[in-house]
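Engineer: Any chance you can model this:
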Amino acid sequence: MRAELTFKTVARESNRFLLCRVVAKATRKLHRPNTRVQETMNDALERIGGSSQPVAAVVPEPASVQQRRAA
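Structural biologist: Numbers count the residues shown, from 1 in each chain. Here you go, the predicted model:
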């Protein structure tokens, strides 16, 4: 299953290093506690392979981003 998702995403982005970086970043941002990382990675690959946006624009922003201020 993951091989098919990987081939679908490689067809969209030929730079494998960029693809690996984007998938890793998306997996970290999409992961929820008490779920398997493998399922989160599959979800990230599906989103990247099925979108019409550029690969770098597919990674979602985290829902709760806290701004840090210097003391």
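Engineer: can you pull out the helices in the protein?
Structural biologist: Ranges of helices within the chain are 2-12, 16-30, 37-50, based on DSSP state H.
Engineer: Go through the ones you listed and find the least confident stretch.
Structural biologist: Note on the helices of the chain: lowest mean pLDDT is at helix 2-12, with a mean of 79.
Engineer: Turn the helices of the chain into TSV, including mean neighbour count.
Structural biologist: Any C-beta I mention is one placed from the backbone N, CA and C, and that applies to glycine too. Putting the helices of the chain into TSV (neighbours: other CB atoms under 10 Å) gives the following:
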stretch	mean neighbour count
helix 2-12	14
helix 16-30	15
helix 37-50	16
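Engineer: show me the residues around the nearest residue in space to residue 31 that is not next to it in sequence that make contact.
Structural biologist: With sequence-adjacent residues excluded and distances taken as CB to CB, 6 or more residues apart in numbering, residue 31 is closest to residue 40, at 4.5 Å. Residue 40 makes contact with 27, 30-32, according to CB atoms under 8 Å, 6 or more residues apart in numbering.
Engineer: redo that, cut-off 10 Å
Structural biologist: Counting by CB atoms under 10 Å, 6 or more residues apart in numbering, residue 40 touches 26-32.
Engineer: ok, now residue 16?
Structural biologist: Counted by CB under 10 Å, 6+ apart, residue 16 has contacts 6, 9-10.
Engineer: ok, now residue 46?
Structural biologist: Counting by CB under 10 Å, 6+ apart, residue 46 touches 5, 8-9.
Engineer: Residue 27 too?
Structural biologist: Contacts for residue 27 (CB under 10 Å, 6+ apart) come out as 37-38, 40-45, 59.
Engineer: let's go with 8 Å and repeat that
Structural biologist: Contacts for residue 27 (CB under 8 Å, 6+ apart) come out as 37, 40-41, 44.
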